[in-house]
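**Student:** Whatever this is, show me its structure:
(one chain, ligands or ions: 2)
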Amino acid sequence: MSEALIVIDMQNDFCEGGALAVEGGSALVAPINALMDDFTAVILTQDWHPAGHSSFASSHPDRAPMDLITMPYGPQVLWPDHCIQGSDGAAFHPGLRTDGDLIIRKGYNPAIDSYSAFFENDHATPTGLDGYLKSRGITRLTLVGLALDFCVNYSAVDAARLGYDVTVRTDLSAAIDVNGSRDAALKSMADAGAKVAV
Ligand code: VGL
Ligand code: ZN
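**Tutor:** Ligands and ions are numbered 1, 2, ... in the order given. Model prediction:
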């Protein structure tokens, strides 16, 4: 049974000083690097939005970051502009090991946000990661990275639904925590059958 480490969105914009900084983000780099050698495969995800993305508050008149709106695919938190393709903010944290096997970019469709490493937020458009993992015979996943309550949460729930044996390392993750989203994420991951490890 092969096991992959999925490192979610360890990018400058989600670390201290970035556009959508998650407190405690940078401190995760060293322990995540150290964990990589323990896995058959290491996969990194990279939030990768075009300028003017529909998840940005700046794309909606009279809206502010952290407002909640309804999009055709469901509720959407509006974010500050972040992880714009090719920008420094979209780059991986400079200390992060990037010698993993695969980088999955997501969020490049201007009309749909994409938190999960597996599907866009319509829960239907695949990123291709499931096919990659299955074709390599990988059945067990450990998830680390940012942010616990959005991209890690959505990835863990999708992975569990797709039948993977999923562990989320909350000690190697950190939350944005908007409107109780951290507690809600812990519950949704557990309900989906992911092991939430501290
Ligand atoms: C993320 C908000 C917007 C994440 C990405 O990586 O959790 N959160 N885009
Ligand atoms: Zn994003």
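
**Student:** alpha carbons only for contacts and neighbour counts from here, please
**Tutor:** OK.

**Student:** Which strands or helices does the longest helix belonging to the chain pack on?
**Tutor:** Assignment by DSSP state H gives helix 181-192 as the longest helix of the chain. Helix 181-192 is packed against helix 153-161, strand 195-197, with contacts defined by 3 or more Cα pairs under 8 Å, 6 or more residues apart in numbering; DSSP states H and E.

**Student:** Which residue would you name as the spatial centre of this structure?
**Tutor:** In the chain, the residue lying closest to the centroid (Cα atoms, centre = their mean) is C151, at 2.9 Å.

**Student:** Assess the claim that that residue and I8 are in contact.
**Tutor:** Yes. With contacts counted by Cα atoms under 8 Å, C151 reaches I8, the gap being 7.0 Å.

**Student:** so what's in contact with those two at the same time?
**Tutor:** Common contact partners of C151 and I8 (Cα atoms under 8 Å, 6 or more residues apart in numbering): A117.

**Student:** and L35, what helix or strand is that in?
**Tutor:** Assigned by DSSP states H and E, L35 belongs to helix 29-35.

**Student:** what does H53 give?
**Tutor:** Short version: H53 belongs to no helix or strand, going by DSSP H and E.

**Student:** got the phi/psi numbers for it?
**Tutor:** Per-residue torsions, H53: phi -60, psi 150 (degrees, to the nearest 10).

**Student:** Spell out which parts of the protein neighbour ligand 1.
**Tutor:** Proximity of the chain to ligand 1 (Cα under 6 Å from any ligand atom) is limited to residues 9, 47, 115, 146-147, 150-151.

**Student:** So which of those are in strands?
**Tutor:** If you go by DSSP state E, those have 47, 146 in strands.

**Student:** I'd like the residues of the chain next to ligand 1 as JSON lines, with distance to G95 appended.
**Tutor:** Below are the residues of the chain next to ligand 1 laid out as JSON lines (distance: Cα to Cα, whole Å):
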{"residue": "D9", "distance to G95": "13"}
{"residue": "D47", "distance to G95": "17"}
{"residue": "Y115", "distance to G95": "23"}
{"residue": "L146", "distance to G95": "15"}
{"residue": "A147", "distance to G95": "18"}
{"residue": "F150", "distance to G95": "23"}
{"residue": "C151", "distance to G95": "21"}
